[in-house]
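Q: quick check, what structure comes out for this input:
(one chain, ligands or ions: 1)
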Amino acid sequence: MASREPGGPRRTFSWDGYDARFLSRAGGACVPVLWPGASATTPRAPEIAGLIDDAWLRLIENTLARLPEAHAARVLRVVIDDRPTEHGIAPFDRGDPSDARDGRTLWLHHRLFTEKNHWAHGNFGSYWSYHVQRDGVTVDGSPRDHALYSPVLMHEIGHLVAYSLAKPDAVGEVTPACARTCGDRGDCARLSPEERERGCVSPYCMPFKVAVGTENWAEQYRLFFQGPGARAALEAARAGCLPLLRELGGERALDGDGDGGYRRSRWDSCGGRACKAY
Ligand SMILES: [Zn+2]
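A: Sure, this is the predicted structure:
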């Protein structure tokens, strides 16, 4: 069915001419997943609509089911329309009246579903981009009852959780104190490469546009819930947000992450080698 944009055009994004399916979650909540239908003006509309199938929706369901209920409940809507140039959410700025996005919607890129895991570049090296917990497979083309879940999607949900932790009057990007980096302090330029990445659990530690630690938070969040190997890496890093994550996520037992061990990042500060335990 095609949906309409509540409150008129450009108040919120990604409703007009969009098609929707509804995922049911444990607890009876319903999460709409939307994508541009034939009448939407988003450039890639026809290609995306033609690809989406049950296996894609299953990935979102499986991922939400692995997270604490209160976190899954932060996700009010999922949109697959390639609006961000990479997979991920569009920025959300409470202080910017032109930014009508709500901090409760995830915008995804179709490549999350059609590409295998791969190396990706961060600020301080490269990290393994876990589209799903297993290497060498894609969601697209998987059976409709597959057991794949998405650490990338967990990372994005981590951003929504961060918004929920912040004070209601917080402005712009919101970094939990435990994830702050040299970018938040404003002294990156004065530091050596080793000092700059201190406290960063992943080479993707800050957004490329704004020097703040929001990505350091989202990466810690996804490592915590990704699987036993990833959580061990987070513990080896003595990550600053571990106490908060334990408080938020409890000590939920994690089953196998199916990746045969966590793939460690490659850090620029040691010549692109996987020189750390994380
Ligand atoms: Zn992010």
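
Q: so for the residue of the stretch 151-278 of the chain found nearest the ion, what's the nearest residue that isn't a sequence neighbour?
A: As assessed by CB to the ion, the ion sits closest to A218 within the stretch 151-278 of the chain, at 4.2 Å. C-beta: built from backbone N, CA, C; applies to glycine. When the adjacent residues along the chain are set aside, A218 lies closest to G158, with 4.1 Å between them (CB to CB, 6 or more residues apart in numbering).

Q: just checking, Y221 touches E156?
A: No: judged on CB atoms under 8 Å, Y221 makes no contact with E156 at a distance of 9.5 Å.

Q: more neighbours, those two?
A: Taking neighbours as other CB atoms under 10 Å, Y221 and E156 compare with Y221 leading, 31 against 23.

Q: report the secondary structure state of the more buried one.
A: Using DSSP: H, G, I helix; E, B strand; the rest coil, the structure places Y221 in helix.

Q: likewise the one 3 residues further on?
A: With three-state DSSP as the basis, F224 sits in helix.

Q: quick one: pLDDT of it?
A: According to the model's per-residue confidence, F224 sits at a pLDDT of 94.

Q: the ion contacts on the stretch 151-278 of the chain?
A: E215, A218 (CB under 5 Å from the ion).

Q: can you pull out the strands in the stretch 151-278 of the chain?
A: With strands called from DSSP state E, counting those that start in this stretch, the stretch 151-278 of the chain shows them at 266-267.

Q: low-scoring pLDDT stretches of it, where are they?
A: Counting by pLDDT under 70, the stretch 151-278 of the chain has low-confidence residues at 172, 250-253, 256-260.

Q: mind doing that once more with 90?
A: Confidence mapping of the stretch 151-278 of the chain against pLDDT under 90 gives the ranges 163-175, 193, 207-212, 228, 249-262.

Q: try the stretch 1-150 of the chain
A: Along the stretch 1-150 of the chain, the parts satisfying pLDDT under 90 run over 1-19, 23-30, 36-50, 69, 81-107, 109.

Q: repeat that with 50
A: Counting by pLDDT under 50, the ranges of the stretch 1-150 of the chain that qualify are 1.

Q: what segments of it are helices?
A: Counting by DSSP state H, counting those that start in this stretch, the segments of the stretch 1-150 of the chain that form helices are 45-51, 54-66, 69-72, 111-114.

Q: give me the contact list for the second one.
A: The one in question is helix 54-66. Helix 54-66 is contacted from outside by 21, 23, 25-26, 31, 33, 72, 75, 78, 80, 113, 132, 139-150, 153-154, 157, 225, using CB atoms under 8 Å, 6 or more residues apart in numbering.

Q: returning to that earlier point: how about the helices of the stretch 1-150 of the chain, which one is nearest C275?
A: In terms of CB to CB, the element of the helices of the stretch 1-150 of the chain nearest to C275 is helix 111-114, at 29.0 Å.

Q: against which helices or strands is that closest one packed?
A: Packed against helix 111-114 by the contact rule (3 or more CB pairs under 8 Å, 6 or more residues apart in numbering; DSSP states H and E) you find helix 54-66.

Q: sorry, back to before: list the contacts for the residue nearest to A218?
A: Here G158 is in contact with W217, A218, E219, Q220, Y221, R222 (criterion: CB under 8 Å, 6+ apart).

Q: that one and C205, how far apart?
A: In this structure, G158 and C205 are separated by 14 Å, where distance is defined by CB to CB, to the nearest Å.

Q: kindly report the same for V33.
A: Between V33 and C205 the distance, using CB to CB, works out to 30 Å.

Q: what's the answer for D187, then?
A: The gap separating D187 from C205 is 14 Å, by CB to CB.

Q: of the two, who's got more company?
A: Between D187 and C205, counted using other CB under 10 Å, C205 has the larger neighbour count: 27 against 12.

Q: just give the number of residues close to the residue nearest to the more buried one when sequence neighbours are not counted.
A: Distance criterion CB to CB, 6+ apart; nearest residue to C205, sequence neighbours excluded, is N216 at 4.7 Å. By other CB under 10 Å, the residues close to N216 number 29.
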